[in-house]
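Visitor: How does the following fold in three dimensions:
(3 chains)
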Amino acid sequence: MDAIILQILNGLDKGSAYALIALGLTLIFGTLGVVNFAHGALFMIGAFCAVTLQRILSISFETVDPTKTDFLGNPSTVDTPYIVHWFGPEVGGGIIDWSVPLAILFAIPIMIAIGFIMERGLIKHFYKRPHADQILVTFGLAIVLQEVIKYYYGANPIQTGAPEVFRGSFDFGVLLGFDPNVIIYPYWRLVYFAFAALIIGAVFAFLQFTTFGMVVRAGMADRETVGLLGINIDKRFTIMFGLAAAVAGLAGVMYAPINAPNYHMGMDFLVLSFVVVVVGGMGSLPGAVLAGFLLGILESFASMTQVIDLIPGINQIIIYVVAIIVLLARPRGLMGRKGVMEE
Amino acid sequence: MFGLDKKDTTLLLIVFVLTMCAPFLLNPFPGNSAMAQFNAGYPDLMQRFVIYGIFAIGFNILFGLTGYLSFGHAAFLGVGSYSAVWMFKLLSMNVLPAVILSVIIAGLFALVIGFISLRRSGIYFSILTLAFAQMSFALAYSVLTPITNGETGLQLSLNDPRILGESVSASGGIPFPSLFGLDMRATHVMELGPWMFQFSAGYYFCAVLMLLAFYLAIRIFRSPFGLMLRAVKSNQQRMNYTGLNVRPYTLAAFVISGMYAGLAGGLLAAMDPLAGAERMQWTASGEVVLMTILGGAGTLIGPVLGAGFIKYFENIFSKINDTVLHQWFAFMPDGIEDLLVTVIHPFVGKGWHLTLGLMFMAVVIFLPGGLVQGGQKIGNLFRRKPAADHTTSAAKTPAE
Amino acid sequence: MGILEVKDVNKRFGGLQALGNVNLSVADNTVHAIIGPNGAGKSTLLNCLVGKLIPDTGSVMFAGQSVLGLKPYQINQMGISRVFQTPEIFGDLTVMENMMIPCLAKRDGPFRMHAIRSVFGEKKLRERAEEMLTEVKMLDKRDMHAASMSRGDKRRLEMAMCLVQEPRLLLLDEPTAGMARHDTNNTIDLLKDIKARGNITMCIIEHDMHVVFSLADRITVLAQGTPLVEDTPEKIKGHPKVREAYLGETA
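Guide: Numbering: from 1, shown residues only, chains lettered A, B, ... in the order given. Predicted structure coming up:
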C-alpha cells in the first residue's frame, strides 16, 4: 500500500510536466491544426528563463575583504550581489533564493512574445502545407532553438536550486498513518504538482468561462463555420499560440529545480509528450491531461524494483508500449474524437 | 544501358565517376595551403559520405515515393551494425557475410515494425515509428545488454570464437575486417607534389555497394512498383478503387528502405567494428530525414547530395575555429575583422548544428524540393535568357 | 437474374434510416439510372456496392457472388469500377502514368512486386493506355501533370482510367455534375459509344434528367432510402408518383 502511494506520488511530477506540455501541444494542434515539433524547445526555454533570472539576480561586484587572505597571502576578494548590496542580506538574499518562482513573472512575457513571433513569423505560413512539412519546419526550428541555448549556456546541465524552504523532504507516510520514513517526498515536487494543477485549472477555466475561450473552443470543433460567422478566428488563434507557449514555458521554469536544465531537455520531453498527446487523443484537452498523469504514474510504477525483476527493462519502454497498443487498438486515443487526422 | 533510359544512364555514370574519383575530387587543395582544411578526401570521411548516402537513398524510397515519414529509421541502422559486429565475433572478419546478415536482420526487423506501424498513416505513423525506435534504443541500452553490451557498445575481443577466421591475428591483436583477405584499412597513398591522395580499400568497397544501391533505387523508381508507390502518396482512395491493395506496397517499401538502412549500418561496423546504442537514437533518425529533405525528397540524386552535404559540414565546418576565422579575415581592418569573427563564430565550429538547423528550415520554407530543386531553378535562370525570343513556344506550355 | 442483385438492403446511421429494404436488379449489358432527390440514399447505396460501407442487413450479389465484407480493391478486381462525384485521380502523376496504374492493376492483380522492369518497357499496356486516351480525346495531354488539368479533363481521365480496366459494371456517381452543357454532351456521346460496344453494364446516379433520359434503359427512383418505382424511361416520365416526389421538385 505505502509503496503504491509512493509510486503514485513519484509519477505526479513527471506526469505534471507531460500534462502541461501535452496540453500546449493539443491547444496548438486543436486550434491551428499544426503539429509543433518545437514545443519541447519552448519547455526548455522556460527552464532557461529560470537560469537566466537567477544569473541576473546574482550579478555581483567584487570587494576586497581586508580581514581574510588567500593562501598566497593576498587579501581575498568577496563577491557581493548588487541585490544584496541594495536590499541588505535579508531581503536581497531572499530574492535570490526565490529566483525560480520569481522567474514565473519573468517568463510569462518572454514566452508569450516568443509564441507570437513563432506563430506570425513562421507557423502562419504552414497552415495550408502538408503535416509532414509542418513537422519538418518545426523540427528545424527546434534544432535552432536548442543550438542557440547551447551556444549561450553551454552543453552541461545547470543546477538551479529551489527556494531554501522547499529543499527538504516531507514525510508523507506519517500524515497517512504509516511508519515514518516510508513515504518521503520532496517539497518542491508537491509545489510543482500544485502549480501544474493550478495552470491546468486556469487554462480550462479560461476556455470554459470566457467569451474568448468559447470562440476558441468553437473554432477547435469547427473552424470553417466559426470563420463564416465573421469572427476573426486567426487573431484569437495567435493568442492561443502565445498561451500554449507560456504554458510550456512555465512548466519548464518550475521544472528547473527538479531536473537541472540542459539544452536537450526539450527534445527528451517532446518525444514523450507526443506519445502522451496521441494516447490522450489528438485534439482532446482533457485527454492530454489525463494521459499525461496516467503515463507519468505508469512510468513510475514500472520503475519499482519488483516490477523490473519481473519484466526487465519495462521502465524504459512502458510508455512506448502503451502508445503502440493504444494507437493500434483505439487510434483516436483515450478521449479523442473520431476522424481527427485519420485518413 | 543497364536497362535504363538515356537520362538515368547519364545520371548513373556521373555518380559512378564522382564516387570513383572522389579521392581526387575531394582533395582539390594542396596540402600546404590554407584551404587544405576543406579537403575531404580522407578514407574515414569518404566512407561516411557513401554509407550515409546509402542510408538516405533507402529512406527516400519510403518517404520520397510513398510520403510516409518515418522517424525511426535509425533503429534499422543500429540493428545492422549490431548484426555485423556479431558476425565478426562469431564467424569471421570477412565483411561480406557481415553485411549480408545486416541486411537480412534489418529487413526482418523492418517487416515486424512496418507491419504494425503501417496500420496507421500520417502523423500517427511517424509517432509509431518514433516510439518503436526509441523503444529499441532503450532496450539496447538496458535489457538487451547481453546482445548489445549496453552503454559501452559492442566491441570485438581476443576471446571471440570467429569459427571460420582467427580469434587473434598474427601480430597478437584483434584482427581487422577484410574482404577475402583485402584489409579494409589498406590505403594506397599517392603523392603528387603538395597533393596527397588516399585510396582506401574500405572506401571503394562502400562506394561499389552504394553504386549498386543507387542503381537498384533507379530501377525501383522507374518500375511499375515505383509507380504504385508514387500512387500511394498521391491518392490512396483511387488506388483502392482501382483494385490495388495499398498495404503490401507500403510494407514492401518500408522493408526495402529498412534493408538499405541495415546495409548502411553493417558498413559502418565493417569500417570500424563497434556498435553503440546511440546509433539508434531518434536524433540519428532525424539526421537521415534532414539529409533526404535537404537534398530533395523524391528525387534520385537528392538524398546522395544531402548526405554528402551534411556529412561534409559536420566534419569540415565544425573544424573551423576562431583562429581560422582570424586568418581568413586578416586582410580586413582590425575592428571589422573582430566583428566578422564574432558574427560568424556561433555558426561554425561547435555551432555547425545551428547552421544546419537554419539551412534546413530555409529549405523547407523556400525550397520544398531541396537542393535539387534549387539547382533546377538556377539552371532555369540561365536557360531562360537564350529562350527569351522564343516566346511563342513558351506560351504553349500550359500554366500551372 | 441480373448481373447485380441487391436484396433487402438496410443501412442505418444512428437514428437515420439511410436505406430501407432496397431491392434492385440490374440486367446485364444495360444502363441503369438511379435518380432521386438529395438525401434519398443514392450515394449510400453506391457505397454499399463498392465496399466502402457494409449494409446492416441484406445481400449484394455481383455476377452470382456476394460482395459483402469485401474490401474495395477486391470488389474492383471482380470487375466493378467507380467514377466519383469529384474526380479521384493521381494528381501528382502525369496523365499517362495515371492510365498505366489501372492497366497494371488489371494485369497483375492487387499486389505484385515488379521492382526491376521499367514502366516504359510495358509496351502492350502502354499501347492499351494510349488507345484509351485517344478514345477520350486526351492523347495530346499524355505528359501533363494530372492536377494541373481542368475539371472536365480530370473527369474524362478518371473515366478513361475506369474504362481501360474493361469493367463488367461501371458505377458513375453524377458523371456530369458541374459540367458545361458542351462537356455534358461529350460525356453522353462517350458513354453511348461505350454502351454500343457492348459487354458493359452501367449504373448511373444523376441529377441531370437530360443525361438520364438519353442513356438509361431502366430507371429506379429512390426516395427516403426506398425505391419508389422502377421502370423504363418512357413510363417514368409519366409516372405520377415520380412527378410528385422528384420531378416536381426540379420543375
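
Visitor: what stretches of the stretch 1-150 of chain B score poorly on pLDDT?
Guide: Per-residue confidence for the stretch 1-150 of chain B (pLDDT under 70) gives these ranges: B:1.

Visitor: Around chain C, pick out the residues from it.
Guide: Within the stretch 1-150 of chain B, the positions lying close to chain C (CB under 8 Å from any CB of the partner chain) are B:3-5. Heads up, the C-betas are built off the backbone N, CA and C, glycines and all.

Visitor: Out of the residues you listed, flag the one nearest to residue A:81.
Guide: The shortest approach to residue A:81 among the residues of the stretch 1-150 of chain B next to chain C belongs to residue B:4, at 71.7 Å (CB to CB).

Visitor: which of the residues of the stretch 1-150 of chain B next to chain C count as buried?
Guide: Those of the residues of the stretch 1-150 of chain B next to chain C that meet the buried threshold are residue B:4, by 16 or more other CB atoms under 10 Å in any protein chain shown.

Visitor: Contacts only, for the residue nearest to residue C:183 when sequence neighbours are not counted.
Guide: Leaving aside its chain neighbours, residue C:183 sits nearest to residue C:152 (4.6 Å; criterion: CB to CB, 6 or more residues apart in numbering or on different chains). The neighbours of residue C:152, taking CB atoms under 8 Å, 6 or more residues apart in numbering or on different chains as the test, are C:179-180, C:183.

Visitor: burial count for residue 168?
Guide: Using chain A here. 12 (other CB atoms under 10 Å in any protein chain shown).

Visitor: switch to chain B, that's the one I care about
Guide: For residue B:168, using other CB under 10 Å, the count is 13.

Visitor: and if you look at the one 10 residues further on?
Guide: For residue B:178, the number of neighbouring residues by other CB under 10 Å comes to 21.

Visitor: Who is it paired with across the strands?
Guide: With DSSP bridges as the criterion, residue B:178 is bridged to residue B:94, residue B:183.

Visitor: Look up how far chain A lies from it.
Guide: According to CB to the nearest CB, to the nearest Å, residue B:178 stands 36 Å off from chain A.

Visitor: Can you spell out the domain ranges of chain B, please?
Guide: For chain B, automatic domain parsing gives the domain ranges B:6-319, B:320-400.

Visitor: Between its first and last residues, how far does the longest one reach?
Guide: In domain B:6-319, first residue to last residue: 41 Å (CA to CA, to the nearest Å).

Visitor: hang on, the earlier thing: with respect to burial, which of the domains of chain B scores highest?
Guide: Comparing the domains of chain B by mean neighbour count (mean count of other CB atoms under 10 Å in any protein chain shown), domain B:6-319 comes out on top with a mean of 21.

Visitor: Smallest gap between the stretch 201-350 of chain B and chain A, at which residue?
Guide: Proximity of the stretch 201-350 of chain B to chain A (CB to the nearest CB) peaks at residue B:346, 5.2 Å away.

Visitor: what's near enough to touch the residue nearest to that residue when sequence neighbours are not counted?
Guide: For residue B:346, the nearest residue in space outside its immediate sequence neighbours is residue A:151; the separation is 5.2 Å by CB to CB, 6+ apart. Taking CB under 8 Å, 6+ apart, we find residue A:151 in contact with B:346, B:351, B:354.

Visitor: Ok, residue C:24 next?
Guide: Residues in contact with residue C:24 (CB under 8 Å, 6+ apart) are C:4-6, C:34, C:45, C:220, C:227, C:230.

Visitor: Among the residues you listed, which one lies nearest to residue B:375?
Guide: Minimum distance to residue B:375 across those is 52.2 Å, recorded for residue C:45 (CB to CB).

Visitor: Give me the distance from whichever strand or helix holds residue A:22 to the chain's centre.
Guide: Assigned by DSSP states H and E, residue A:22 belongs to helix A:2-32. How far helix A:2-32 lies from its chain's middle: 9 Å, per CA atoms, centre = their mean, to the nearest Å.

Visitor: Return the set of buried residues in that helix.
Guide: Using 16+ other CB under 10 Å as the test for burial, helix A:2-32 gives A:5-32.

Visitor: Which members of the contacts of residue C:152 are classed as buried?
Guide: Applying 16+ other CB under 10 Å to these, the neighbour count classes C:179, C:183 as buried.

Visitor: Okay, and which of the contacts of residue C:152 map to helices?
Guide: Mapping the contacts of residue C:152 onto helices (DSSP state H) picks out residue C:183.

Visitor: Any chance of the contacts of residue C:152 in JSON lines with pLDDT and distance to residue A:204 as columns?
Guide: Shown next, in JSON lines, are the contacts of residue C:152 (pLDDT from 0 to 100; distance: CB to CB, whole Å):
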{"residue": "C:179", "pLDDT": "79", "distance to residue A:204": "50"}
{"residue": "C:180", "pLDDT": "82", "distance to residue A:204": "53"}
{"residue": "C:183", "pLDDT": "83", "distance to residue A:204": "54"}
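
Visitor: can I get the contacts of residue C:152 in JSON lines with distance to residue A:305?
Guide: Shown next, in JSON lines, are those (distance: CB to CB, whole Å):
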{"residue": "C:179", "distance to residue A:305": "72"}
{"residue": "C:180", "distance to residue A:305": "76"}
{"residue": "C:183", "distance to residue A:305": "74"}
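
Visitor: follow-up on the earlier one: tell me which of the residues of the stretch 1-150 of chain B next to chain C is nearest to residue B:208?
Guide: residue B:4 (18.0 Å).

Visitor: That closest one looks like it's in a helix, true?
Guide: No. Per DSSP: H, G, I helix; E, B strand; the rest coil, residue B:4 lies outside any helix segment and is coil.

Visitor: Provide a list of residues in contact with it.
Guide: By CB under 8 Å, 6+ apart, the residues touching residue B:4 are B:12, B:218-219, B:222, C:118.

Visitor: re earlier: from the contacts of residue A:151, which is closest to chain C?
Guide: For those, the residue nearest chain C by CB to the nearest CB is residue B:354; the value is 34.0 Å.

Visitor: so that closest one makes contact with residue A:152?
Guide: No. With contact defined as CB atoms under 8 Å, residue B:354 does not count as touching residue A:152 (11.2 Å).

Visitor: So for the residue in chain A that chain C sits nearest to, what's the pLDDT?
Guide: For chain A and chain C, the shortest gap (CB to the nearest CB) falls at residue A:130, measuring 11.9 Å. Listed pLDDT for residue A:130 reads 81.

Visitor: how much space is there between it and chain B?
Guide: Distance from residue A:130 to chain B, by CB to the nearest CB: 8 Å.
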